[in-house]
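In: just need the structure, nothing else, for what follows:
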Amino acid sequence: MSILVYHGAADTVKNPLASYGRPDLDFGQGFYVTTLRSQAERWAQIVNLRLLRGTPCLNIYEIDMERIRQAYRCLHFETYNRDWLDFIVHSRKGLRPWQEYDFVEGGVANDRVVDTVESYIAGTMPAEIALEQLAQHQPNNQMCLLNQHLIDECLHFKECLPLNISQKGGKL
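Out: This is a model prediction of the structure:
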């Protein structure tokens, strides 16, 4: 079963690399995509504003989820729960829990939940309170492709669409 996924960037990314990116991100050092087009569009605009170059664009891929589930080590977080929270914390602390996997999918620690995550990491919020606050949010979606062979075999570039910032009124 193949589905469409999106990657927002300041450039066309026809040949993604698993080694690109920082190891202390939510799900580790890999190539991130999402099933949510609007989320990728927003990220493309953010990246474009940070880099001050290129044109925000939406890279569209087809991904073979059936092949990934059959042939690769996968981890999927359905909700913002204790396992998700611990995984994010361990990743951000540099413990690299993602090294055991080829593919990780779940919610993003974005502006809706990052304060809770950071308070938990800092020790100013107990896990129970953090989990109560996280439970109030519906997770969005991110997939981290951690294995280059998986990317080469299962992720297929379709097209890249330039985004017009004025479509959103110039606001994020």
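
In: C-alpha from now on. contacts and neighbour counts both.
Out: OK.

In: what's the neighbour count on residue 56?
Out: Residues near residue 56, counting by other Cα atoms under 10 Å, number 25.

In: what confidence value was assigned to the nearest residue to it once chain neighbours are set aside?
Out: Of all residues not flanking residue 56 in the chain, residue 10 sits nearest, at 4.5 Å (Cα to Cα, 6 or more residues apart in numbering). pLDDT, residue 10: 92.

In: surely residue 156 touches residue 62?
Out: Yes - judged on Cα atoms under 8 Å, residue 156 makes contact with residue 62 at a distance of 5.1 Å.

In: now do the residue nearest to residue 56 against residue 152, distance only.
Out: Counting by Cα to Cα, to the nearest Å, the gap from residue 10 to residue 152 is 22 Å.

In: again, but for residue 141
Out: In this view, residue 141 and residue 152 are 22 Å apart by Cα to Cα.

In: out of the two, which sits in the busier spot?
Out: residue 141 (16 against 13).

In: pLDDT wise, what is that one at?
Out: Per-residue confidence (pLDDT) for residue 141: 94.

In: again, but for residue 86
Out: Model confidence at residue 86 (pLDDT) stands at 95.

In: same question for residue 53.
Out: As predicted, residue 53 sits at a pLDDT of 77.

In: so it lies in a strand, does it not?
Out: No - according to DSSP: H, G, I helix; E, B strand; the rest coil, residue 53 belongs to no strand; its state is coil.

In: how about it, nearest residue that isn't a chain neighbour?
Out: In this structure, residue 53 finds its nearest non-sequential neighbour in residue 10, 7.1 Å apart by Cα to Cα, 6+ apart.

In: that neighbour and residue 73: what is the separation?
Out: 30 Å.

In: could I get the contacting residues of the residue nearest to residue 56?
Out: Residues in contact with residue 10 (Cα atoms under 8 Å, 6 or more residues apart in numbering) are 44, 45, 47, 48, 51, 53, 54, 55, 56, 57.
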